[in-house]
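K.L.:
structural data only, the sequence is not supplied:
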C-alpha cells in the first residue's frame, strides 16, 4: 500500500515538474517575443537623416543650344546607420556584415514616387539618382578594415551603412544660364509641391551578422524630416531605439 502511494506521489510530482517547465518556458518565450535579444555584441547606436533636394539637368545639351534648360527637382533623404561594438559582450568577435532588406514604402507621398538607392560607386557625390543605383532585393555591407559606402563596406569593429530614399517626380523648372540657384530643399518651392505633398513613410529590416549569428529588427521612418522647403536642409538624429526588438534568426 505504501509502495503504491509512493509511486502515486512521484507520478504527480513529475507531472507538476513538467507543468512548471512548460509554464516557465512559455513565460520565457513570451518575454523574448516582447523584449527580443539583450546585450547584442554589435548594436544599432544611431540613425542620422539628412533631407534636402537637388536639381538635375534633364537635357544637358540644351544649355549649349539655347542658354536654357530644365531641372528635374529631386527630394532626397539620406539615411546613415551607425553600428557600434558592445565591448562588454563582443570581446574578440568581429562584425561580418550588415544587411538592409524588406524595404517597403508604407505611405506614399502626395506627389511623385519614392525609390531606394545605394551609394554611387564612382568618384563624386555619394548618391547618383539613376536606375543604375536602385536597390534590388537587398543592400548588404560586408566587413572590412574600415567603412566605405562607395564599395559597400563597413568596419569589422563597427561602422556605418547608408541608404537613400528619393522622390524624383516632384516636377521640373526651366531656367537660363544667367540665373544662379542653390541646390537644396528651397528648389521645391519652384514646383507646385507643398511640404505636406512630400510626406511619406518607409520601413526596412536591418540584420547585423556577427560571425554567423544574425540579429534582425525592423525600422520605421517618417520622411522627410524638418521644413526643408523653408530651410533648405534638415537633419535628424535618432538614438532612442527602445521601441526596436532585435531577434536572432537563422
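P.N.:
Cool, the structure landed. Worth saying up front: this structure is predicted, and the values here are computed from it rather than measured.
K.L.:
tell me where this protein has strands.
P.N.:
42-57, 68-85, 95-107, 114-117, 138-144, 153-155, 158-176, 200-210, 213-223, 234-238, 247-249 (DSSP state E).
K.L.:
the last one packs against which elements?
P.N.:
So the one you mean is strand 247-249. strand 213-223 (3 or more Cβ pairs under 8 Å, 6 or more residues apart in numbering; DSSP states H and E). Backbone N, C-alpha and C define where each C-beta goes, glycine included.
K.L.:
got a markdown table for the strands of the chain, with mean neighbour count, distance to residue 188 and mean pLDDT too?
P.N.:
Output for the strands of the chain, formatted as a markdown table (neighbours: other Cβ atoms under 10 Å; distance: least, Cβ to Cβ, whole Å; pLDDT from 0 to 100):
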| stretch | mean neighbour count | distance to residue 188 | mean pLDDT |
| --- | --- | --- | --- |
| strand 42-57 | 19 | 5 | 93 |
| strand 68-85 | 21 | 6 | 91 |
| strand 95-107 | 17 | 19 | 96 |
| strand 114-117 | 21 | 15 | 96 |
| strand 138-144 | 18 | 27 | 96 |
| strand 153-155 | 21 | 32 | 96 |
| strand 158-176 | 19 | 6 | 89 |
| strand 200-210 | 19 | 14 | 97 |
| strand 213-223 | 17 | 14 | 96 |
| strand 234-238 | 15 | 12 | 97 |
| strand 247-249 | 12 | 39 | 88 |
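K.L.:
dump the ones you listed into a markdown table; add distance to residue 130 as well.
P.N.:
Below are the strands of the chain laid out as a markdown table (distance: least, Cβ to Cβ, whole Å):
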| stretch | distance to residue 130 |
| --- | --- |
| strand 42-57 | 9 |
| strand 68-85 | 11 |
| strand 95-107 | 18 |
| strand 114-117 | 9 |
| strand 138-144 | 16 |
| strand 153-155 | 22 |
| strand 158-176 | 9 |
| strand 200-210 | 20 |
| strand 213-223 | 21 |
| strand 234-238 | 25 |
| strand 247-249 | 33 |
